[in-house]
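>>> let's see this in three dimensions:
(2 chains)
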Amino acid sequence: MSALQLSHDELVNVYRTMRTIRRFEERVMQEMATGDIPGNTHLYAGQEASAVGVCLQLRDDDYISSTHRGHGHSIAKGVDIDSMMAELFGRASGTCGGKGGSQHIADLRKGMLGANGIVAAGAPITCGAALSAKLLGTGQVAVAFAGDGAMNEGVMSESFNLAKIWMLPIIFVIEDNGFGEATANAFVSAGSFTRRAESYDIPTIEVDGTDVFSVYAAAGEAVERARAGGGPTMLHVHVPRYYGHYSGDPDTYRTPEEKAAMRRERDCLSNFRQRVKEVSLVETAELDAVDEQVEAAIGRAVSAARAAPFPPTSALTTDVYVKYL
Amino acid sequence: MAQKSFRQALNEALHFEMGRDPRVIMMGEDLTGGAGANGVKDAWGGPFGVTRGLLDAFGPERIRDTPISEAAFIGAAAGAALTGLRPIAEIMFVDFAGVCLDQIMNQAAKFRYMFGGRAKTPLVIRATYGAGSRSGSQHTQALYPIFTHIPGLKVVIPSTPYDAKGLLLQAIRDDDPVIFLEHKMLYDTVGDVPDGAYTIPFGEARVARDGKDVLIIAIGRMVQVAEEAARKLASEGISAAIIDPRTTSPLDEDTLLDFTETIGRVVIVDEANPRCSVATDISALLADKCFDALKAPIKLVTAPHAPVPYAPNLEDAYIPSADAVVKAATSIVKR
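You can find the predicted model right below:
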């Protein structure tokens, strides 16, 4: 039903953004192996429908905060992939001038308040952004993305409480991929996440995160409530995580069969293709063309990043303060 | 000039700046003190009476009593600062920074750098610190070395009512995150404070007393201890200069180095624990930059490397005393 609410062009764009995230992640994994992208990174592949379904409901000036797994949220919010790729390569042309890296990509012009290396830390910061929106009367809403691991951090509960007592225009999107780092959720989480939020009188919606239309519909309800002054909502989104916790994770805690089944049965991109085919809204050939365009765009981003200069050594001590003395 | 207490000076600064700039908001525990109980809205004006009258003047949207959840509201203040407000968040006792240190050191302090200079975080975190109130180990620490260590934060430690007002106004107008530390035992001290608004720039030490035989560098409440010591030293014919850095980040290195070059004998008085502290930091700076001017070893008078005790005799012994400063100064002057 929700698919029909989107125009043909919107559908193509939803697909394009999901495919861009997927190819971005696959290419990052590949470039990590060459050693050209330093350090390590946490890949979002498999969870695309969550970021895209939520961000499709947002205005350009609405706020989001992200997690250590932040590439998908950034792309879905409209952050430029060329500068993101350059940031991952540590180049001066990166989103953060090469000073942030994968876990700190931020673009305030796009309302993207940062990926975050500290689990659950984005939740209170996003409460602050929602408070700004409320006090300044801008009509903006704020979305705090977090994983199932974050739900066991105390600051998450503190943020639920603050969001509710202050009736903040905020949506907590809990992307539950079943693992906090390498530990299965079943071992470490008591009770139900939705009941935790409900105990603060925060309305919750449980969603299949491989279906972009379900996420879009749920986010729509939450955003509408937030903009109307109805306070926070929590979305519990069930998503697969295609890769391990981080790029060097041997991911031996899941069997190859399990992972193959996950990619076969819980793929938001095939799911999308299936749905639009059923209602004859977008031709398969058109989606194939999008795949090619995305492939070329990612290729250009990687080439440009590789060719870009590193930041000058003098940048080491700039941007610490607006003005120190 | 009008005589006002440290507490009153801070209150005037808050009133003035909130009136001048609608983006300034405050949040913290019990800021209004007992709000909502029996219709009483401003029962105490905050745990130390610093925020009295602000609720009536600016309303509950801008003066926000928070739940007891420092990680959430300090984080929210950081997020609000990142998105257009100028929050002042109060941590009742700086010891409680332990439960929200992530938001201070990993978030607010890092936004600007991690985001490649494309963010500013005009946040002031006010907190009380310091021993002397018989409050035990978890309500009395002098934790400014921890904050001074972290790039991205500015750290302000006023010692007089005049400085308290001028430095707080400066802190609120500053576009970087500022930790503003108020010693509990200074709130009732009185001094000259102008009625109008004025600011004191960060990174400019105050020469509290001029002298020629020994230089005493003192932090926060220790300036009082240094002044008492200087009076005693004067009666023994020793002339002591006192410098109050006022901000430990930025630190006015020039003034400290100039006075050290001229006087050549230095005592540093610091209430914080001695390891990796402001005292050791300044000592290292002076030894590094003007070793040849030193006529004697730099002496440090600090608290011991121990938590603050409860028993009155122990707590009194914990806090650096004027006598200890006199002894240290005498030992290097008469060397």
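
>>> list the contacts of the residue positioned nearest the centre of chain A.
Note on chain A: the residue nearest the mean C-alpha position is A:H73, at 2.6 Å, using Cα atoms, centre = their mean. By Cβ atoms under 8 Å, 6 or more residues apart in numbering or on different chains, the contact list for A:H73 reads A:44, A:51, A:55, A:64, A:66-67, A:112, A:115, A:145. (C-beta placed from N, C-alpha, C; glycine too.)

>>> can you do 6 Å?
For A:H73, the contact set (Cβ atoms under 6 Å, 6 or more residues apart in numbering or on different chains) comprises A:51, A:64, A:66, A:145.

>>> report pLDDT for the closest residue in space to it that isn't next to it in sequence.
Distances taken as Cβ to Cβ, 6 or more residues apart in numbering or on different chains place A:S66 nearest to A:H73, at 4.1 Å, with adjacent residues excluded. What the model reports for A:S66 is a pLDDT of 98.

>>> how close does A:S66 sit to A:K99?
17 Å (Cβ to Cβ, to the nearest Å).

>>> which one of those two has more residues nearby?
A count of neighbours by other Cβ atoms under 10 Å in any protein chain shown puts A:S66 above the other of A:S66 and A:K99, at 30 against 23.

>>> what score does A:V239 have for pLDDT?
98.

>>> which residues does it contact?
So A:V239 contacts A:47, A:50, A:175, A:177, A:209 (Cβ under 6 Å, 6+ apart).

>>> spatially nearest residue to it, not counting backbone neighbours?
A:G209 (3.6 Å).

>>> now do B:L54
B:L54 sits nearest to B:I63 (Cβ to Cβ, 6+ apart), 4.9 Å away.

>>> what's the helix or strand where B:A287 lies packed up against?
Here B:A287, judged by DSSP states H and E, is contained in helix B:278-290. Packed against helix B:278-290 by the contact rule (3 or more Cβ pairs under 6 Å, 6 or more residues apart in numbering or on different chains; DSSP states H and E) you find helix B:253-263, strand B:266-270.

>>> mind putting those into a markdown table with mean pLDDT?
Below are the helices and strands packed on helix B:278-290 laid out as a markdown table (pLDDT from 0 to 100):
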| stretch | mean pLDDT |
| --- | --- |
| helix B:253-263 | 98 |
| strand B:266-270 | 98 |
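
>>> deepest of these, which one?
strand B:266-270 (a mean of 29; mean count of other Cβ atoms under 10 Å in any protein chain shown).

>>> which strands or helices does it pack on?
strand B:214-218, helix B:278-290, strand B:299-302, helix B:322-333.

>>> output the below-cut-off pLDDT ranges for the stretch 1-150 of chain B.
B:34-40, B:43 (pLDDT under 70).

>>> who in it is up against chain A?
B:67, B:69, B:71-72, B:75-76, B:78-80, B:83-85, B:102, B:106-107, B:112-117, B:119-120 (Cβ under 6 Å from any Cβ of the partner chain).

>>> now do the helices in the stretch 101-250 of chain B.
B:101, B:111-114, B:144-148, B:161-173, B:222-235 (DSSP state H, counting those that start in this stretch).

>>> next, format the ones you listed as JSON lines and append mean neighbour count.
Shown next, in JSON lines, are those (neighbours: other Cβ atoms under 10 Å in any protein chain shown):
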{"stretch": "helix B:101", "mean neighbour count": "18"}
{"stretch": "helix B:111-114", "mean neighbour count": "25"}
{"stretch": "helix B:144-148", "mean neighbour count": "23"}
{"stretch": "helix B:161-173", "mean neighbour count": "24"}
{"stretch": "helix B:222-235", "mean neighbour count": "21"}
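
>>> nearest to B:A272 among these would be which one?
helix B:144-148 (5.4 Å; Cβ to Cβ).

>>> buried residues, stretch B:240-255. List them.
Neighbour-count burial for stretch B:240-255, counted by 16 or more other Cβ atoms under 10 Å in any protein chain shown, picks out B:240-252, B:255.

>>> number of nearby residues for B:R206?
B:R206, neighbours per other Cβ under 10 Å, totals 19.

>>> how is chain B carved up into domains?
Here the domain assignment for chain B is B:3-192, B:206-333, based on automatic domain parsing.

>>> what segments of the stretch 51-200 of chain B are strands?
Assigned by DSSP state E, counting those that start in this stretch, the stretch 51-200 of chain B shows strands spanning B:63-65, B:86-93, B:124-129, B:154-156, B:178-183, B:190-192.

>>> up against chain B, what does chain A have?
A:96-97, A:99-100, A:104, A:106, A:108, A:118, A:121, A:124-125, A:127-129, A:131-132, A:136, A:155, A:158-159, A:161-162, A:319-322, A:324-325.

>>> from those residues, list the buried ones, please.
Buried members of the residues of chain A next to chain B, counted by 16+ other Cβ under 10 Å: A:96-97, A:99-100, A:104, A:106, A:108, A:118, A:121, A:124-125, A:127-129, A:131-132, A:155, A:158-159, A:161-162, A:319-321.

>>> okay, now the unreliable bits of chain A?
For chain A, the ranges with pLDDT under 70 are A:1-4.

>>> hey, where'd the helices end up in it?
A:8-34, A:48-55, A:71-76, A:81-88, A:122-136, A:154-165, A:185-188, A:193-198, A:212-227, A:256-265, A:268-278, A:284-307 (DSSP state H).

>>> so which of those gets nearest B:Q141?
Among the helices of chain A, helix A:154-165 sits nearest to B:Q141 (Cβ to Cβ), with 22.1 Å.
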